[in-house]
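**Q** Need the 3D shape of this:
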Amino acid sequence: MKSQRAKGSFWERLSHQNELILNSVGEGLCGLDQSGKITFVNPAAAKLLGYQVKELIGQSIDILLPHSKSDGTPYTLTDSPIYESLDDASVHQVTNEVFRRKDYSSFPVEYVSTPILEQGVVKGAVVTFKDITDRQLVERMKNEFISIVSHELRTPLTSIHGSLGMLKSGLLDPSSERGQRLLEIAVDSTDRLVRLINDILDIERIESGKVTMAKQVCNAADLMTQAADVMQSMAQRYGVNLSVSPICVDLCADSDRLIQTLTNLLSNAIKFSPSGGTVCLSAERQEAQIVFQVKDQGRGIPADKLETIFERFQQVDSSDSRNHEGTGLGLAICRSIVQQHSGNIWAESQLGEGSTFYFTLPIVTDSEQTTEETANHSCPLILVCDNDLKARTMLQTMLEQHNYRVVTVGSGEEVLKQAATLQPNAILLDLLIPGMNGWEIIGALKQHPDTKNIPIMLCSVYLPTDSSIPEIDSYTIAATTDEITQKLTPDVLDSNQNHHNNGFVDWLCQPVNEQSLLESLKQVVAKPHKRVRILLVEDDNDLAQLLITLFERHDIEVFHAQTAREAIRQSQELHPDLLILDLILPDKDGFAVVEWLSQHNYLHNLPLVVYSAKDLDNSERNRLKLGQTEFLTKSRVTAQEFEQKVMELLCRITQNQCKDDSDDSDDN
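**A** Below you'll find the predicted structure:
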């Protein structure tokens, strides 16, 4: 009796254990007898089918689960894989069929039908199944993405190949109007390819946090203006008006990534706005954060898509993707960038009325502002005074693109205050300032000991010979004229010597000619310096020649090395002012070059620009630092942006060298 009770207890425990296992399995399990009736079912199966477990027991599988092929065609009893398992003891694995729930809704499934055998005789079958809706969605997204990317790759490649092929064949003169148009097509298509490739490469690294945000203090107005400038040609091409309302707020951010975010949002808004519509870029300050807004007049976004559009490969309507180029990655990248800046991004929309995309960023703290100002103090500072906001913004953008720091003001009182506080390298001053005209401002500046030696350049709608120029007040600046080094051209001095040789160093007529302004500023802020030497380490000769051409325009000596060994040798011989280093070289990598230089008595402080296709994490960046170091990724910056970044670094280097030379002279 005891042995029988023990044996019974064992089977009870085993049965209970099996029941627990079946109930814990995440996939659906159904047990069938020889006739196809359900003998057991686990909770997961019941839940997937929308039933209670007890409702399924004893029911026929073909009644409760009228499964069908993937195209919806129902199986007959003779060709059903489940009944085939019951009939001939065969195992069937089906990857793409449809089951139906209690409410008659259907869902795609993957299942395995396995016979239950007892001494070779079929006693029933076990069906395990799972819902593959999510997997099919991912596969569909992947297929759509491949289709979109194929189109996005082939279209610009065809344009590039066709345009350059016609020019190469000699059928068209490259300098002719049609030849220039073909070159524009090739350049535009190349830019489109670069954006596509960058999106594909960016998304994984940004979302995983492997891309380091190079945060520094920047101004929201500058970011908005630059993004709008980039998108202006696209807006014109689509016949869309682009309205920008900049707000002057400091942020601690990666300016390149934020411009990428703004241009992505503006690009979408422009593409989906009707011809003649308006896209508005604006921002407002809300306590300790700034809220950016990009508003369009498109057809709107359905409410159920407002969240999913920020996921990878998502578009509101994939069937429309051919009309509106894009990969479905842009908004996912925007979200990742904003989140890595401790911000939020979302969209609001009304169908038929358009959409507004918002994102927030924290405003810079005082400590961050101080740190950034200390780091950037070496670039020339220009104080711009003009009561016209558009004129100030235009001058600021122009100068910042050429490595100047710029502060703008709109009144005489402000320019006097900022000049005394900031001690700029030069002042750009309009004559027509309300309340206190340009002559009065010059007089006040020249009478104050802290500002009397600051060079002043006039920017005016008047020509120097105009008789309608506002008169100089009686107390003006004659007393200090002798202290100023005049740099007016001889014809201007001769024509108006009595009126304007009074404390300013140049006269520029508005609208300002960029080249004239830069040449004049170069003379004003220039200090004696030796010719700058750059050692360029790049194994791609075509790219090297492009970069050499860029820098030779700045009267910079460029020396080229194609291998790590050559780079080390030339570094010792030349002692360059700057090293531009690719990381992937034929003999050794760039890490080996930096490691060798870091142990050199003099070259361990060599300023460095790492310019490579390789995305670097923080540990790799730390291994690549010498003196002042910048990291630029190929294809993420244009040739012009690369030139600007390098010239900014050279500006800081030469300014520091001049300061060191001055300190040495003072010590002597």
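**Q** Mind checking the pLDDT average for stretch 408-424?
**A** In this model, stretch 408-424 has an average pLDDT of 83.
**Q** List the buried residues for that stretch?
**A** Buried residues in stretch 408-424, counted by 16 or more other C-beta atoms under 10 Å: 408, 409, 410, 412, 415, 416, 418, 419, 424. The C-beta positions use only the backbone N, C-alpha and C, and glycine is treated the same way.
**Q** The first one: which element?
**A** Using DSSP states H and E, residue 408 maps to strand 405-409.
**Q** list the helices and strands that strand packs on?
**A** Packing partners of strand 405-409 (3 or more C-beta pairs under 8 Å, 6 or more residues apart in numbering; DSSP states H and E): strand 381-385, helix 389-400, helix 412-422.
**Q** ok, 10 Å please
**A** Applying 3 or more C-beta pairs under 10 Å, 6 or more residues apart in numbering; DSSP states H and E, one finds that strand 405-409 contacts strand 381-385, helix 389-400, helix 412-422, strand 426-429.
**Q** elements contacting the last one?
**A** Translated: strand 426-429. Using 3+ C-beta pairs under 10 Å, 6+ apart, strand 426-429 sits against strand 381-385, helix 389-400, strand 405-409, helix 412-422, helix 438-447, strand 456-460, strand 506-509, helix 514-525.
**Q** Which stretches in the stretch 1-150 of the chain count as helices?
**A** 2-24, 43-49, 53-56, 61-64, 81-88, 133-169 (DSSP state H, counting those that start in this stretch).
**Q** For those helices, which has the smallest mean pLDDT value?
**A** helix 2-24 (a mean of 57).
**Q** Residue 362 belongs to a strand, doesn't it?
**A** Yes. Membership of residue 362 in a strand is supported by DSSP: H, G, I helix; E, B strand; the rest coil.
**Q** how close does the nearest residue to residue 92 once chain neighbours are set aside get to residue 30?
**A** Nearest non-adjacent residue to residue 92, counting by C-beta to C-beta, 6 or more residues apart in numbering: residue 81, 3.7 Å away. Residue 81 sits 14 Å away from residue 30, going by C-beta to C-beta, to the nearest Å.
**Q** longest single strand anywhere in the protein?
**A** In the chain, assigned by DSSP state E, the strand with the most residues is strand 106-118.
**Q** That one packs against which elements?
**A** Under the contact criterion of 3+ C-beta pairs under 10 Å, 6+ apart, strand 106-118 touches strand 28-33, helix 43-49, helix 81-88, strand 92-100, strand 121-131, helix 133-169.
**Q** Please identify the pairing partners of it and their relative orientation?
**A** The strands beside strand 106-118 in its sheet (DSSP bridges) come out as strand 92-100 (antiparallel), strand 121-131 (antiparallel).
**Q** Residue 584 contacts residue 590, doesn't it?
**A** Yes. Look at residue 584 against residue 590 with C-beta atoms under 10 Å: they come within range, at 7.4 Å.
**Q** Touching both of the two, which residues are there?
**A** 612, 614 (C-beta atoms under 10 Å, 6 or more residues apart in numbering).
**Q** Enumerate every residue touching the residue sitting nearest the centre point of the chain.
**A** The centre of the chain sits closest to residue 260, judged by C-alpha atoms, centre = their mean, with a distance of 3.0 Å. The contact partners of residue 260, taken as C-beta under 10 Å, 6+ apart, are 195, 198, 199, 202, 227, 230, 254, 330, 333, 334, 337, 636.
**Q** Which of these fall in strands?
**A** Reading strands off these, I find no matches (DSSP E).
**Q** hmm, which of those residues are the buried ones?
**A** For those, a burial check counting by 16+ other C-beta under 10 Å picks out 195, 198, 199, 202, 227, 254, 330, 333, 334, 337, 636.
**Q** can you pull the contacts of the fourth one?
**A** Right, residue 202. Counted by C-beta under 10 Å, 6+ apart, residue 202 has contacts 211, 257, 260, 329, 330, 332, 333, 336, 337, 615, 633, 636.
**Q** just the helices in the stretch 501-650 of the chain please.
**A** 514-525, 541-552, 564-574, 590-598, 618-623, 639-667.
**Q** Same list, the ones you listed, but as CSV with distance to residue 352 and mean neighbour count please.
**A** Below are these laid out as CSV (distance: least, C-beta to C-beta, whole Å; neighbours: other C-beta atoms under 10 Å):
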stretch, distance to residue 352, mean neighbour count
helix 514-525, 44, 15
helix 541-552, 48, 14
helix 564-574, 61, 18
helix 590-598, 54, 19
helix 618-623, 47, 11
helix 639-667, 39, 15
